[in-house]
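> pasting the structure only:
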């Protein structure tokens, strides 16, 4: 995430998790899985519990499909 505001990055994390969890079956999302995983990996460096929880949930979504 490029934005310097932690609130914007948290919001992006929540939005990204929602897209992945609700739309993971769609072709456009599936073709960008590696990009989405990279974005979540970047969010792991955040020092807040909210992002950590969302990233953890995204891992479950990616692996349970």
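Received the coordinates, thanks. Quick caveat: nothing in here was measured; it's all calculated off a predicted structure.
> low-scoring stretches of the chain, by residue?
1-2, 46-52, 54-56, 59-65 (pLDDT under 70).
> By residue count, tell me the biggest helix in it.
helix 6-23 (DSSP state H).
> Which strands or helices does that one pack on?
When contacts are defined as 3 or more C-beta pairs under 8 Å, 6 or more residues apart in numbering; DSSP states H and E, helix 6-23 packs onto helix 27-30, helix 33-43, helix 49-64. Heads up, the C-betas are built off the backbone N, CA and C, glycines and all.
> what's the straight distance from one end of stretch 21-40 to the other?
End-to-end span of stretch 21-40 (C-alpha to C-alpha, to the nearest Å): 13 Å.
> Quick check: buried residues in that stretch?
Residues 24, 36, 39-40 are the ones in stretch 21-40 that count as buried (16 or more other C-beta atoms under 10 Å).
> In CSV: those, plus distance to residue 7.
Shown next, in CSV, are the buried residues of stretch 21-40 (distance: C-beta to C-beta, whole Å):
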residue, distance to residue 7
24, 26
36, 21
39, 17
40, 18
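> now, which of the residues you listed sits nearest residue 11?
residue 39 (13.3 Å; C-beta to C-beta).
> Relative to residue 53, how far out is the closest one?
Distance, residue 39 to residue 53, using C-beta to C-beta, to the nearest Å: 16 Å.
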